[in-house]
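Peer 1: The following block contains a protein sequence and its predicted model.
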Amino acid sequence: MRRPAAELRPVLLAFFAAALWGLWWVPVRWLEAQGVPGAMTGVTINAGAALAALTWVTLRRQSLRIAPRAAIGAVLVGLAVSSYSLALTEGEVVRVVLLFYLAPAWSKLIEWGFLGMRWGWSSTLALVAALSGAVLVLGGDVSLKGFGPGDVLAVISGMAWAGGAALIFLEPGTRAAPLATVTALAATAIGLLQALAVGEAGPLPAAALGGAMAGAVYALPILMLTMWSATRLTPAVLTFLLTAEILAGIISGALFLDEPFTALMALGAVLIVLGALAELLPVLLAGRRRRGSGGAV
């Protein structure tokens with residue numbers, strides 16, 4: 001029987017990682033202000049994380065060989081990270097953060113449609129809350145009017161994250177370091193392709209070294225924590241836990257970037273967090289019941 005601390009550890013670490021994800025915009029926007037093209041900001045950060053990860057696995061003599069499903073999942077998460085970084089330079093931080101969190105809705109649909117997991121009342125509430133919250137974030141407009149490139153990239157990022165988390169969850173024995181390494185390498189390669197697509201690839205100013213350092217000391221630990229949790233928590237639970245990023249992202253974005261944060265957006269954020277709680281609480285309560293039953297035998 002698993003100890004309560006062992007069950008709670010991935011939850012707490014995922015929550016902590018989420019708070020750090022919410023500040024991802026800080027190095028991205030700083031690099032952009034230093035003259036690094038927007039599409040290359042994420043590339044420099046992810047490249048630094050990839051180099052640090054490769055150094056780590058080499059020193060630890062860990063193999064980079066992982067199961068095909070886990071590898072594809074890591075690549076999809078890399079797509080999510082690179083698209084998210086680019087979205088932060090193309091759109092408003094608050095909108096990007098909140099639109100990314102349609103990811104829990106995609107995760108629930110993947111669990112139900114492809115993993116054969118049960119669909120209960122909490123799943124319905126979580127899905128309705130996430131979608132309703134996204135509509136409010138967009139000002140109550142369900143049309144594509146005013147839906148910019150940053151918004152599109154944020155939604156793509158959420159979809160890629162949901163799919164990647166599902167595939168990683170199917171390979172629970174995979175180590176976090178190789179997963180993080182593949183994710184960072186994929187994010188760097190995909191980011192370069194995105195930069196080429198928007199015409200922003202090219203020589204970089206010296207400030208790009210600062211981005212690489214941020215990748216090593218900031219991005220890599222986040223990736224390691226997230227990948228470790230991804231092998232232990234179901235995709236929906238992990239993704240809903242990561243909604244803690246909303247608090248860090250929207251508060252810091254509204255305070256330091258002077259971006260609009262309307263009452264409708266606040267209500268949308270509340271609905272998305274409500275969906276997270278609806279999905280998370282039954283899982284934690286079920287864990288408590290199992291422990292209580294085991295202790296009584």
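Peer 2: Noted; the coordinates are in hand. Since the structure is predicted, the reported quantities are computational estimates derived from the model, not experimental observations. Residues are numbered from 1 along each chain as shown.
Peer 1: Now the most centrally placed residue in the chain: which helix or strand?
Peer 2: Nearest to the geometric centre of the chain sits residue 161, at 6.2 Å (CA atoms, centre = their mean). Using DSSP states H and E, residue 161 falls within helix 149-169.
Peer 1: What's the first helix or strand after that helix?
Peer 2: Later in the chain than helix 149-169, the nearest helix or strand by DSSP H and E is helix 176-197.
Peer 1: which residues touch the helix or strand that comes right after that next one?
Peer 2: With elements assigned by DSSP H and E, the helix or strand that comes after helix 176-197 is helix 208-214. By CB atoms under 8 Å, 6 or more residues apart in numbering, the surrounding residues in contact with helix 208-214 are 27, 30, 31, 34, 36, 40, 41, 44, 45, 47, 48, 51. C-beta coordinates here come from the backbone N, C-alpha and C atoms, glycine included.
Peer 1: Could you write me a ChimeraX select line covering just the buried ones among those?
Peer 2: Buried members of the contacts of helix 208-214, defined by 16 or more other CB atoms under 10 Å, are picked up in ChimeraX with:
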select :27,31,36,40,41,44,45,47,48,51
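Peer 1: before we move on, back to that, and the helix holding residue 161, how far from the chain's centre?
Peer 2: Distance, stretch centre to chain centre, for helix 149-169: 8 Å (CA atoms, centre = their mean, to the nearest Å).
Peer 1: buried set for that helix?
Peer 2: So for helix 149-169, counting by 16+ other CB under 10 Å, buried means 150-169.
Peer 1: How about the contacts made by residue 130?
Peer 2: Contacts of residue 130 (CB under 8 Å, 6+ apart): 101, 102, 104, 105, 271, 272, 275.
Peer 1: Now do it against residue 187, distance only.
Peer 2: 24 Å (CB to CB, to the nearest Å).
Peer 1: what does the model give residue 225 for pLDDT?
Peer 2: On pLDDT, residue 225 comes in at 91.
Peer 1: Would you mind naming the helix or strand containing it?
Peer 2: Going by DSSP H and E, residue 225 is in helix 220-230.
Peer 1: Against which helices or strands is the following helix or strand past that helix packed?
Peer 2: On the C-terminal side of helix 220-230, the closest following helix or strand by DSSP H and E is helix 235-241. Counting contacts by 3 or more CB pairs under 8 Å, 6 or more residues apart in numbering; DSSP states H and E, helix 235-241 is packed against helix 4-21, helix 103-113, helix 121-137, helix 149-169, helix 220-230, helix 263-296.
Peer 1: Take the ones you listed and write them to CSV, including distance to residue 93.
Peer 2: Listed next are the helices and strands packed on helix 235-241 as CSV, based on distance: least, CB to CB, whole Å:
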stretch, distance to residue 93
helix 4-21, 12
helix 103-113, 17
helix 121-137, 12
helix 149-169, 9
helix 220-230, 17
helix 263-296, 12
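Peer 1: quick revisit: which residues does the helix holding residue 225 contact?
Peer 2: With contacts defined as CB under 8 Å, 6+ apart, helix 220-230 is touched by 10-11, 13-14, 16-17, 20-21, 24, 48-49, 52-53, 56, 73-74, 77, 81, 165, 168-169, 176-177, 179-180, 183-184, 238, 241-242.
Peer 1: Let's see the PyMOL selection covering just the buried ones among those.
Peer 2: If you want just the buried ones from the contacts of helix 220-230 in PyMOL, going by 16+ other CB under 10 Å, the selection is:
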select buried, resi 10+11+13+14+16+17+20+21+24+48+49+52+53+56+73+74+77+81+165+168+169+176+177+179+180+183+184+238+241+242
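Peer 1: Low-confidence bits of the stretch 51-200 of the chain, can you list those?
Peer 2: Residue ranges of the stretch 51-200 of the chain with pLDDT under 70: 104, 134, 137-146.
Peer 1: Please repeat the previous calculation with a cut-off of 80.
Peer 2: Of all residues in the stretch 51-200 of the chain, those with pLDDT under 80 make up the ranges 93-95, 97-99, 101-109, 111-123, 126-127, 130-131, 133-147.
Peer 1: ok, and the most crowded of the contacts of residue 130?
Peer 2: Highest neighbour count within the contacts of residue 130, by other CB atoms under 10 Å: residue 104, with 31 neighbours.
Peer 1: Run a quick neighbour tally on residue 68.
Peer 2: Counted by other CB under 10 Å, the residues lying close to residue 68 total 9.
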